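> could you work out the structure for the sequence below:
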Amino acid sequence: MTRSELVAALAEEHKHLTLGDIERVVTAIFDEMTAALAEGGRVELRGFGAFSVKRRRARVGRNPRTGETVEVAEKSVPFFRAGRELREMVNEGSPAKASSSRAAKRDGVSL
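Numbers count the residues shown, from 1 in each chain. Coordinates of the predicted model:
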């Protein structure tokens, strides 16, 4: 799903909001997440996952085309770790199925 598809899906679901309002909200959320990560922080969305920044040490790499060795500088890279609920939904195939499964597990029912 692209950003524009996300905005369109939210607009379809929340018809009382204008498309411009939804775009501003989505942009504001992504901008805040980006700013937090740029400062070395962590962004956690319960049930979805956590974004953080990891440091990659400097290393010697290899140019795949020429085989020549290349110095790769130390850098920071964004890292995402999926939350338990997201992993369960992805593994079970659909959000509706995942939520009914969780409810069944909580109530002690075996599916």
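
> so what's the residue nearest the centre of the chain up against?
Closest to where the C-alpha atoms of the chain average out (Cα atoms, centre = their mean) is Phe80, at 6.1 Å. Contact partners of Phe80, counting by Cβ atoms under 8 Å, 6 or more residues apart in numbering, are 49-51. C-betas here are computed from N, CA, C, even on glycine.

> so where's this structure shaky on pLDDT?
Within the chain, the stretches with pLDDT under 70 are 94-111.

> ok, which stretches of it are helices?
3-13, 19-38, 84-92, 95-107 (DSSP state H).

> need those in a markdown table (columns: distance to Ser76 and mean neighbour count).
What follows is the helices of the chain, written out as a markdown table (distance: least, Cβ to Cβ, whole Å; neighbours: other Cβ atoms under 10 Å):
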| stretch | distance to Ser76 | mean neighbour count |
| --- | --- | --- |
| helix 3-13 | 23 | 13 |
| helix 19-38 | 9 | 13 |
| helix 84-92 | 24 | 14 |
| helix 95-107 | 33 | 12 |
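
> right, and those helices - which one's nearest Ala73?
Evaluated with Cβ to Cβ, the helices of the chain place helix 19-38 nearest to Ala73, the distance being 17.9 Å.

> bridging residues for the nearest residue to Lys54 once chain neighbours are set aside?
Excluding the flanking residues, the one nearest Lys54 by Cβ to Cβ, 6 or more residues apart in numbering is Phe79, at 4.6 Å. For Phe79, the beta-bridge partners are Ser52 (DSSP bridges).
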